[in-house]
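# Pasting the sequence and the predicted model now:
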Amino acid sequence: MEWNPQDLHTLSQCFVNTLSPSPEPRRQAEAILADFSQKPNYGLAVLRLVAEPSVAEEIRQAASVNFKNHLKARWAPAPNNSDEPRILDAEKDQIKALIVTLMLNATPKIQGQLSEALVLIGKHDFPRLWPTLLPELIGSLHKASQAGNYASVNGILGTANSIFKKFRYEYKTNDLLYDLKYCLDNFAGTLLEIFLKTANLIESAANAGGGNAEALKPLFESQRLCCRIFFSLNFQELPEFFEDHMNEWMTEQRKYLANSYPALENSADGLAVVDELRSAVCENINLYMEKNEEEFQAYLNGFALAVWNLLTTVSQASSRDQLAVTAIKFLTTVSTSVHHNLFAGDGVIPQICQGIVIPNVRLRDEDEELFDMNYIEFIRRDMEGSDLDTRRRIACELLKGIATNYKPQVTNLVSVQIQNLLTSFAANPSENWKDKDCAIYLVVSLATKRAGGTSVTTDLVDVQNFFGTVIVPELQSQDVNGYPMLKAGALKFFTMFRNHIPKPMTLQFFPDLIRFLRAESNVVHSYAASCIEKLLLVKDEGGQARYTSVDISPVLPQLMTNLFEALKVPESEENQYVMKCIMRVLGVADISREIVGPCITGLTSILNKACENPKNPVFNHYVFESVAVLVKRACGKDASLISIFEINLFPSIQKILVEDVQEFYPYALQLLAQLVELNRPPIPQSYMQIFPMLLSPDSWRKASNVPALVRLLQAFLQKAPHELNQEGRLRQVLEISNKLVSARSTDEQGFYVLNTVVESLDFNVIAPYIGQIWSALFTVLQSRQTGKFIKCLLIFMSLFLVKHGSTNLVDSVNSIQANLFLMILGQFWIPNLTLITGVIETKLTAVASTRLLCESQMLLDAAAVEHWGKLLNNIVTLLSRTEQDRVEEDPEMPEFSENVGYSATFIRLHNAGKTEDDPLKDIRDAKEFLVTSLARLSALSPGRYPQIISQYVEPTNQAELLRLCNSYNCQIV
C-alpha cells in the first residue's frame, strides 16, 4: 500500500466511521480496514496517519489503536495462525525507525497506544533484531532530562519498564541472561544517573519549603518507574553494577520511606503518587531480602525501622492498601530470615500485634461494602486463599512468619487477644460484633494446614470448645439475615475445621446449614452451600466417606428445595458455589423418582437460561456435571427413568446443537453419549435423527468438538452397530477416523473410533474396508513415527487380533503388500511393546502378542525364529517390570492444566465419562495366559523352544519366565 493523499483520505474516513454510533457504517469501515490490512505497508501507512498533525485527534487515536492491534496480529503470528500474512521485514525496519520519535512527540492517549505497540515489537525483536532501540531511548532520555521535560522522561521510562518486565517472568536461560547483560551494560548507568538527578530535584524542593505539588508529581512518578526498572534488572540475580552502587540506590530509596512530603500528601491524589513510590521501594527491598540477604544486611536495620514507623502512620483507607500490603510483606520476609532477631526485643511482638496486625485484621467500611455489593470478589479474597494481597490476610501472614521462630510468644499473645475480643463482644454484642468477627478471622487465618491433606490444626483455641461457645450461637440464630458477616465467619470456621467436628454434632447442625441457604446475603448462602459441599467430601481414616446417603436422606427434599431457591436470589442466578453443592449432593444422595422430577426440571430451566447468554464457565460446568451425575445415579438404580431424562433434556440439547451454542456444544454431545449408553438396543428412533449432524464433516471442523463427537460416535458404535452399517454410514465413520488419524493433534481420537469399530462390528462387516484402514494408517506411519502414534497403532492391532483372530490380522495386513506384517512386527511392534502403559492396555497387548507367538503360522515358521524370540523377550519385560522401570518420560505428551474459560478447548464431564471396558474379561491373568500358552505350544515340538529362548531372551527375563512357569505349575518342554 503506497502512501499518498488518496490513501490518507480513505483511511481517515474509515477511522471516522469506526467511531460511528450506527452499526452499519461501523461494520463497513471495519471490513474495508480488514481488506486493507492484508496489503503490504498497511501498518506503515496507519502509523504515518497517526503522526499527521492535520488529522483530527480522535481519528489519530482510533488509528493508533488499530496500529497496535495490527502489530499484535501480524508482527509475529502464532504458529496456529499461519494463514495470517506477516509484516514484511522492509516495512518492519521502517516502523522501528519511526516509532520511538513519534511516540515521544505524541499526545498522552496516543503515546500510550504507541508505547504498547513498541513493547509488542520489543517482545519479539529486542535486543537482537532491534539493536538501535536502547541507544535511541537512552539518547532521548538524556535530552528530555537535560531539558527538564519529565513528561517525555516518564514516557521513555514507562516504555523501558514494559520492555524489561520480561526479566521478571521468563525462565532463566542463557539467552535471557545474554539479553539482561546487554540491557545492564547499556542502561544501568543511565538509570542511576536519572534516579539520582531526580532525587536531588525532590530534595531541593523539600528544602525550599516543600515544593509545588504539580511539579513534584512527575518527579515522584519518575522515581517509581526507576524503582520498577530496578526490580526487573535485579530479579534474576544481583548484577555487579547494582552491587557496586548499592549505597546510592539504598540511601535514596530509604528516604522515600522515612521522609514525609506535605506538599503532595495533603491531597488524595498526591498521597497516592507518594504511596506508589513507597510500594515500589518495599518491593525492591523485599526482593533483596529474599535473594541478596547477605549484601543487603548493612541496610536492613534502617529499612526495617523505616517500614515499621511508616506502618504505624498508614491509615485504614483502601487507597493505601497496596502500600500497607507491600510493607507488611517485607517485615514477613525478615521474620522468616536469619535476621529474625529484630523481632526478639522486649515488647516488639506485642507492639506488632497491637499496632499492625489487629488494626489490619479488623473489618473496615470498605469490607462491608464489598460484602454487600460484590459478593464474588469478597469470596475470592476471603474464602479461596487468593487473598494474599489483602490487608487482613497479609497481617496474619506476618504473625505466621514471626511464629516460625517465636511460636510460644505469638500463640500466647494471640490467644489472649482473641479472648479480649470475645469479652468485648459479650459486653455489647450489637455494638461490638466486629470484635467477634476479628476473633473468628484470627483463628481461621492462623490455622496450619497439615501436609498433603485438607485437615487444619490450631494451637490458639480448643476447636470443639470454640465451635460450641462461639460458632454454634451464630448457627442456631433464627434470623438468618441478622449480622450476615458474623454468620459468614461462623460458616467459614465450620468449613475450615470440618474434620474436627464430630459427626453427631455436625448432623445436629445440618438443618441449620440448610436454613442458611435461604439467607438474603449472597455471601452467606454461598458459604452455607460451600460448607455442605465440603462436608460431603470428608473422609475418615481408611478413606471411607464420613457422610453418606443415609445421613442426608432425612433432609434431602428440603436441602434440594433451598439450593434451587438460592439460585433465584438476585446476583446468585449463576452462583457457582450453590451449583457445585447441588452436584455434590446428587453424587452422594439416594436418588429416588420423587427427587428426579424436581431436580431435572430445575436444572433444565437453568440450562435453558444459560444458553441465551453463557457467562460463567465454572457455574455452567457444574450445571452439566449435575445433570450428568443425576442421570448416572438415577438410571443406575432404575433404568426406566431414562425416558424422563430424554423428555426433559432433548429440547435443551437440540437447542444447543441447532443454534450452535459453541460454549455448550461439547457438553451436549457428552450428555447424548451418556444417554445412548444407558439405553438398551434397539436405540429409540429419536436418537437416529442425530446421525446426519454426527457424520457431517462440518461438525468435525471445530477442534473443541472432536473429543465429544468421538465419545458420541463410540456410544452409537457400541449400542447401535446395525444402524451404523446402513445407508453408507460406516464408510462415513471410517472417512472421519481417517481424517482424525491424519492430523497430529487428533490422531489419538481417530484411533478411539477405529478401536470401537473393530470391537463392536463383526469381521464380515468391516472386511470390505479393512484394506483402506491399513493403507491409511501405514501411510501416516511412514511420515509420523512418534511414540504416541506407534503405541496407538499397536493397541489397535492388538484389539483387532483378540477380536478377529491372528489370521485375519496377518492376512489383511499382507494383502496391502507381501510380508508387510513381518516388517511391521520387527520395526514397530516388538521394539515398542515395552512402552505400553495402562492396566487394560498392558494386558491387551501382552495377550495379543502371546497369541501371535503361539497361533500365527508366520511366526511359527523357522525363518521367523528371531522375531519369535525377541517378541517373547519383550512380552516378559512388559509383564514383569513396572511402568517406571520400562518407560521413560515421553517428551511429546504435554502437561494439561485445568481449562478455565470458554477460549479453552474441550472440557470433559467427569460424571458422563466413558467407562473403560476390558475387552478380555475372560482372561484373568496375562502372565498365566503367557506361560500356559507357551507350555501347550512347546508340547507340540519338544526341545525346540528352550533353545530359542536361551538364544534370544535376556538372562533376567529367562529367570523371570522360569519363575512364572513354577508359579503357575507349567513347563516349557
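Thanks, I have the structure now.

# Give me the residue ranges of the stretch 301-450 of the chain where confidence is low.
Applying pLDDT under 70 to the stretch 301-450 of the chain flags residues 384-388.

# Would you map the strands across it?
In the stretch 301-450 of the chain, the strands defined using DSSP state E, counting those that start in this stretch lie at 448-449.

# Thr448: what's it in contact with?
Val456, Thr457, Thr458 (Cβ atoms under 8 Å, 6 or more residues apart in numbering). Yep, even glycine has a C-beta here, placed from its N, CA and C like the rest.

# Ser798 and Thr842 touch, don't they?
No: with contact defined as Cβ atoms under 8 Å, Ser798 does not reach Thr842; the gap is 10.3 Å.

# ok, so of the contacts of Thr448, who is nearest Val523?
Val456 (21.1 Å; Cβ to Cβ).

# Just read off the phi/psi values of that closest one.
phi -130, psi 160 (degrees, to the nearest 10).

# Repeat that for Gln478.
When read as degrees, to the nearest 10, the backbone of Gln478 gives phi -70, psi -20.

# Next, count neighbours for it.
Applying other Cβ atoms under 10 Å, we find 7 residues neighbouring Gln478.

# what's the answer for the one 10 residues further on, then?
Residue neighbour count, defined by other Cβ under 10 Å, stands at 28 for Ala488.

# Tell me which helix or strand it sits in.
For Ala488, the host element (DSSP states H and E) is helix 484-496.

# Give me the helices and strands touching that helix, please.
If contacts are counted by 3 or more Cβ pairs under 8 Å, 6 or more residues apart in numbering; DSSP states H and E, helix 484-496 sits against helix 365-373, helix 433-445, helix 472-476, helix 503-516, helix 522-535.

# what angle separates it from helix 433-445?
20 degrees (axes from the mean of the first three to the mean of the last three Cα atoms, to 10 degrees).

# how far out from the middle of the chain is helix 484-496?
Computed by Cα atoms, centre = their mean, to the nearest Å, the chain-centroid distance of helix 484-496 equals 28 Å.

# Same question for stretch 265-283.
Remark: stretch 265-283 is offset 34 Å from the chain centroid, using Cα atoms, centre = their mean.

# remind me, longest helix of the chain?
Ranked by residue count and defined by DSSP state H, the top helix of the chain is helix 391-427.

# Next, the angle helix 433-445 makes with that helix.
Using the same axes, to 10 degrees: helix 391-427 against helix 433-445 is 130 degrees.

# Number the residues from 310 up from this point.
Fine by me, first position is 310 from now on; the one you just mentioned is helix 700-736.

# quick one: helix 700-736 to helix 674-682, angle?
Using the same axes, to 10 degrees: helix 700-736 against helix 674-682 is 90 degrees.

# And Ser1107 and Thr1151? Which one has more around it.
For the pair Ser1107 and Thr1151, the greater number of neighbours falls to Ser1107 (27 against 17), based on other Cβ under 10 Å.

# host element of the nearest residue to that one once chain neighbours are set aside?
Nearest residue to Ser1107, sequence neighbours excluded (Cβ to Cβ, 6 or more residues apart in numbering): Ala1157, at 3.4 Å. Using DSSP H and E, Ala1157 sits within helix 1148-1164.

# swap in Ile956?
Using DSSP H and E, Ile956 falls in helix 951-967.
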